[in-house]
Structures are given as structure tokens and as C-alpha cells.
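Asker: would you be able to build a 3D model of this:
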Amino acid sequence: MYVDLLPPCNAACPAGENVQAWLAALRAGEPERAWQQLVADNPFPAIEGRVCYHPCEDSCNRAELDSAISIHAVERFLGDLALQQGWTLPAAAVRTGRRVLVVGGGPSGLSAAYHLARLGHDVEVRDAGAEPGGMMRYGIPAYRLPREVLGAELDRLGQLGVTITGGHQVDDLDAERRQGRFDAVFVAVGAQLSQRVDIPARDAGRIVDAVSFLKSVASGERPAIGRRVAVYGGGNTAMDAARTARRLGADEAIIVYRRTRDQMPAHEDEAADAEHEGVRINWLRTISAFDGPVLTVEVMELDDQGFPHPTGRFDTLPADSLILALGQRSDTGFLQTVPGVELRPDGTVVVSPSMMTGCPGVFAGGDVVPGERTVTVGVGHGKKAARTIDAWLRGTAPGARPTHDLAGFDGLHLWYFGDTAVRRQPERVPGERVADFAEVVGSLSVDEAGYEAERCLSCGNCFECDGCLGACPEDAVVKLGAGLRYRFDYDRCTGCGACFEQCPVHAIEMVSDSLGVPGGVGVPGGVAVPGGVGVPGGVGVPGGVGVPGGVAVPGGVAVAGGVGVAGGVGVAGGVGAPDGETVPEGAPGKVER
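Answerer: Residues are numbered from 1 along each chain as shown. Here you go, the predicted structure:
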């Protein structure tokens, strides 16, 4: 029987993108359709293609063959191409008349606003900053994320009808909700308060926190930091602060971190880029005192459990200024008076699986809830919150997400694929980078982006290679037409397994014809659908009605050649997407986030 499995890239994406689907559209020579598929889940591909740490690539099965697909580079290519070509999003077909307040204009809040607007709701974003973007604007330096790219993608929210009010600090949420007649609220104020540590210092004016430092530079200021700068911390913010210091003229930028390289929270690429630009990293050190221009550090050692402990041995390092990059926390004091909202000791908000707080109609996400703090995680929270808010406003339950087995590397038959080297993005040489804030990493060309899309193995989902058609000795495989895949003629099929053995992507599974599918009813010669009743023959028809030669789809519409998804709409190819939806136009891939 034909199956659809979950590609590991889709499973790993914090934003819930159907990566395999938009790669397939680009491979088919349809870049605008690829972009439309991408922005169905992620509103900011040009931004994300630059700043996401691409866990999808860490999970890519292609890495076991030669090297992972450069998914983030192709995403950036599509995002940039959309800006160049002026591609636009369709407006919501029906306005609901319901009003939603989003508190916070960072990645999570703006993602929620985007998805809520596309669902037909009226949305207003209120943010304390003068301009929207949150840490995307004030925390990520321009050499990683050019401000013209940021501004161009955020402009799409206005085109969807989202109102963004800057310079608006929300202090009384109940009053704002009541006076604005908002039906629901999404709180996404981020984490922009720096953690502090007491360091004995003769001149405290030479100590600054990394968030304030990066924000001042992003606002056009050039703070005086001296020739030698020390940064305390081991996260991505520490790397950005040190690299920014080099661009402001510091001859030496030193990072002091209390653990080892393997234990640092910063992404490995960020640390490597910093070192390429002349930043020195001092591992297993803590700062004991700062008496500029001298920094006193204590040497640390790891115990058997990997925890650092002081040794009583000290070194000194030259430093004219010290930047503290020891993490951030959220400013959620304004929620303390909201009935039902529970705050953790660290200031983060307790939410249910639907992202709603204990106060009905008040939801929260992004850095303000416990979890990993990245732009992509925030964007994913915003999308999930938008869908649960939409369901809450409509008085319905959020759509159940389909479950599918993961398409592992061991299940693939790789005879079809040859070794192909990944295409690398161009980069400025380190000596040039530190002279200004121009973007360091360039984009793939049209041919390179298409080449990377071609490298996709289409793990777990049929891409119509015709291998099964040619391998079957009994002519039991029937091709249904472009985009419609195939069906088995079980009157001819002998169960020899030739089709299964040659299928490169594990889109065929061998099962006994006496076995049904869990949750479904097996029918001789047919396909059982979880939660539904199979009908002899295995091909569905529009209308969701099972007929001889079809698959019944509970609650949805079946389409010839596809397997329906319970609670959703079946498409040719039977490909599920987030939250029980299906992917239009038969695009391969699934997402379960």
C-alpha cells in the first residue's frame, strides 16, 4: 500500500513549515507557488533564511548520504525573490468582525498577528518600541539581518490590514482589552531585560549590558567602548556583542565563559564566525573583578558531572570596557493583576497546551513562556496561538493534528540518488567584514537554489519517479496522471514486493491484506483509513463519499489518488499538513507541530 510519512526536516522545524512541499514546488520550476506554500506557515522567509539556526538541516536524511540540503539558504532565496518580484498574499476571504490585541511586536507577536489576519480577524499590535520587530530589529545586528529586508517583510502585515502601534507600553491589560473592545489577547512581550551579576568595579560606567549595547548600535549610536572589549557570557548574544565591538573599532574583543566550548549555549556557527573575525574566547573562566583597564578572571575546572568549580587560580586580561551577556528575562509585571494568570519565579507565564493562560481569552507565547528562545520558535508559537485563538473565538476545538511515522534514513532505498555536493552561500572575507555592518553572507543564485531543491530525497512521500510502475511484473501499478500518483490493482498484485524494494523514498509499505489500519476497518482489496471505513479498490472521489474504487474520508473530501486526513480535506497525493489540514495542489510532505 502507498503511505505518506513525516519528513525529518518538517518534524524538526520549530515554525512548523512543510519544508518538503516548498522544495518540491521549486524543483518543479514554480518558485511563487513554493513561496506561497512557505508563507502559509512562516510569514518571514527572508528573515528566517538569515537568522534561523536551521534544526531542519541537522535532521536532514541527506546528511547520511553526503551533506544536508541547505534549506535555510533556499528559504532565504525564496524570501528575497518574493520581495524583488513584489509577490503579494491574498486577503482573507471573509472578515469575522472579531478583534484581537497582540501585546509585543517581536517575532512571536507579529507571527500571531499575521496568521490571525489571514484567518479574517481584526488585529492590532501594541509595542513599547518605536518600530516593530523586537529583538529582530534591536538585538540581531545588521550584518546578519539588513534592516531593509526586515522592514520589507514586516510591511506585509500592513497589507493584510494589521494595525501596528509603536511607542505604546501596556501597563493595564484589562483596561486595554476593555477599552479597545478586544475579544482576545496574545501576550508576546519577549525577553529584553538583561540578567545582572555583581562584579566589583572601580568604574561601573565601563560596564554595560549586551541588550542595551546592541540596541543602541541598532538605533544608530556608536558607543565609546575603547580598544579592548571583554564580553561575559557564552550565548549567541555574547557572540553578536563581540562581533559588533570589532565593527565599532575595537582592536581586541575577548569573550569570557565559565564552561567549555561543548557546553556553550551559542550556536557553533556563531562562535566560529566570531573567531574568524578575530574574537578570542576564553573558556573555563569567570570574572572576579573589573578595574579597567584590567579584568581579573578565575580559572574554573569541571567536576565529574561536568559542572564548573573555582580553582583559586587567577589571571588578568586587558579590557577598557565590559559587556554583560548573561541572558535575558521577561518584563511581565503588568500581568500580575490579571485574574487567573500564573507567573513562574523567573517571570515567564504558565500556559496550557493551547497557549491560553488561566484567564479566558488571554494567550501568551514566544520568549515570555518557558522554552527555547529563538526567532523561529517565536514564529512557531505565534502560528499555533493564532490557530487556537481562532478556534476559541469561533467556539470550536482546534483541529486535531494527524500523526505519521517519521521517515528514517534506514527506510530509504538510495539507488535512485547519486552523491551531490551542497551549494554554499558566498561570504565576505573576515578582514572586510569588521570594517562595516554590511551583510556577511550572500544569497544563492537561481541555479544554485534550484540545484539544492533537486537534492531533496522526498523522504517518506511519493514524487512519481515511476519506479514502482516499471518494477511491477504483473502490471498491478496504475498511474493516475501527473500529480495524482498511482494506485494498486489488487486483482493483479501478487505481493511480490518488487515495488517496495525499489521505491527510493519509502512511500510503499508491505502489509498483509488481512490486516487493517489502526483505528480503521480493513476491507479485502481496499485501504483502511484511520477512524474510517475502507472501500474496495483504494481511490477516492470528490465529495467524501466512499464508492467502489475509493477511500472514505471522515469529515473531509477525498480526491482521486489520495488518502484523506481525518478532519481535513484530502488532496491528490494524500499529504497532511499542520493541525489536520492538507497541502494544496498535491504537494508532498507533512508537518506535525
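Asker: show me the contacts for E301.
Answerer: L284, P308, H309, T311 (C-beta atoms under 8 Å, 6 or more residues apart in numbering). C-beta: built from backbone N, CA, C; applies to glycine.
Asker: that one pairs with what?
Answerer: For E301, the beta-bridge partners are H309 (DSSP bridges).
Asker: that one and G378, how far apart?
Answerer: Separation of E301 from G378 (C-beta to C-beta, to the nearest Å): 37 Å.
Asker: which residues touch the closest residue to L326 other than its chain neighbours?
Answerer: Closest residue to L326 apart from its sequence neighbours, by C-beta to C-beta, 6 or more residues apart in numbering: Q195 at 4.5 Å. Applying C-beta under 8 Å, 6+ apart to Q195 gives the contacts L324, L326, G327, Q328, R329.
Asker: the contacts of E301, buried ones only, as a PyMOL selection?
Answerer: Remark: buried members of the contacts of E301, expressed as a PyMOL selection using 16 or more other C-beta atoms under 10 Å:
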select buried, resi 284+308
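Asker: quick check, nearest of the contacts of E301 to R455?
Answerer: Here the nearest of the contacts of E301 to R455, counting by C-beta to C-beta, is L284; it sits at 40.1 Å.
Asker: got the contact list for the closest one?
Answerer: So L284 contacts Y257, R258, R259, T260, V299, M300, E301, L302, P308 (C-beta under 8 Å, 6+ apart).
Asker: partner strands of the helix or strand bottoming out on mean pLDDT in the chain, parallel or antiparallel?
Answerer: One helix or strand of the chain scores below all others by mean pLDDT, DSSP states H and E: strand 193-194, with a mean of 78. Neighbouring strands of strand 193-194 in its sheet, by DSSP bridges, are strand 328-329 (antiparallel).
Asker: tell me the helix or strand right after the partner strand.
Answerer: Using DSSP states H and E, the next helix or strand after strand 328-329 towards the C-terminus is strand 362-364.
Asker: name the helices or strands packed onto that next one?
Answerer: strand 184-187, helix 375-394 (3 or more C-beta pairs under 8 Å, 6 or more residues apart in numbering; DSSP states H and E).
Asker: which stretches in the stretch 51-200 of the chain count as strands?
Answerer: Remark: strands assigned in the stretch 51-200 of the chain by DSSP state E, counting those that start in this stretch are 99-103, 122-126, 163-165, 184-187, 193-194.
Asker: reformat the ones you listed as JSON lines; add mean neighbour count and distance to G483.
Answerer: Output for the strands of the stretch 51-200 of the chain, formatted as JSON lines (neighbours: other C-beta atoms under 10 Å; distance: least, C-beta to C-beta, whole Å):
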{"stretch": "strand 99-103", "mean neighbour count": "25", "distance to G483": "37"}
{"stretch": "strand 122-126", "mean neighbour count": "22", "distance to G483": "35"}
{"stretch": "strand 163-165", "mean neighbour count": "15", "distance to G483": "40"}
{"stretch": "strand 184-187", "mean neighbour count": "28", "distance to G483": "37"}
{"stretch": "strand 193-194", "mean neighbour count": "18", "distance to G483": "51"}
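Asker: could you point out which of the ones you listed sits nearest G371?
Answerer: strand 184-187 (14.6 Å).
Asker: mean confidence for stretch 372-388?
Answerer: Stretch 372-388 shows a mean pLDDT of 94.
Asker: list the buried residues of that stretch.
Answerer: Buried, per 16+ other C-beta under 10 Å, within stretch 372-388: 373-388.
Asker: what do you get for stretch 222-240?
Answerer: In stretch 222-240, counting by 16+ other C-beta under 10 Å, buried: 225-226, 228-240.
Asker: among the residues you listed, which one lies nearest to R144?
Answerer: D240 (7.6 Å).
Asker: what about that closest one, helix or strand, and which?
Answerer: helix 236-247.
Asker: show me how far that helix is from its chain's centre.
Answerer: 24 Å (C-alpha atoms, centre = their mean, to the nearest Å).
Asker: can you list contacts of that helix?
Answerer: 139-141, 143-144, 210-211, 213-214, 217, 225, 229, 231-232, 253-255, 257, 265-267, 270-271, 273-274, 277-279, 323, 325, 328, 433-437.
Asker: equivalent analysis for stretch 337-354, please.
Answerer: Identification of contacts with stretch 337-354 by C-beta under 8 Å, 6+ apart yields 172-174, 187, 329-333, 335-336, 357-360, 362-365, 368-370, 388, 392, 398.
Asker: contact partners for the residue nearest to K384 when sequence neighbours are not counted?
Answerer: Once flanking residues are discounted, K384 sits nearest to M355: 6.1 Å by C-beta to C-beta, 6+ apart. When contacts are counted by C-beta under 8 Å, 6+ apart, M355 touches F363, A364, G365, V369, H381, K384, A385, T388.
Asker: pretty sure the first one sits against V185.
Answerer: Yes: counting by C-beta atoms under 8 Å, F363 touches V185, with 6.8 Å between them.
Asker: confirm V299 sits in a strand?
Answerer: Yes: counting by DSSP: H, G, I helix; E, B strand; the rest coil, V299 is found in a strand.
Asker: residues contacting it?
Answerer: Counting by C-beta under 8 Å, 6+ apart, V299 has contacts L284, R285, P310, T311, R313, F314, D315.
Asker: what helix or strand does the last one sit in?
Answerer: With secondary structure defined by DSSP H and E, D315 is part of strand 308-318.
Asker: what lies in contact with that strand?
Answerer: Taking C-beta under 8 Å, 6+ apart as the rule, strand 308-318 contacts 228, 230, 252, 254, 256, 258-259, 282, 284-286, 288, 293-303.
Asker: end-to-end on stretch 325-335?
Answerer: Chord length of stretch 325-335, first to last residue, is 26 Å (C-alpha to C-alpha, to the nearest Å).
Asker: please apply the same query to stretch 175-186.
Answerer: First-to-last residue span, stretch 175-186, C-alpha to C-alpha: 15 Å.
Asker: over to stretch 397-415?
Answerer: OK, stretch 397-415 end separation, C-alpha to C-alpha: 45 Å.
Asker: got the buried residues for it?
Answerer: Buried-residue list, stretch 397-415, by 16+ other C-beta under 10 Å: P398, G399, R401, P402, H404, L406, A407, F409, G411, L412.
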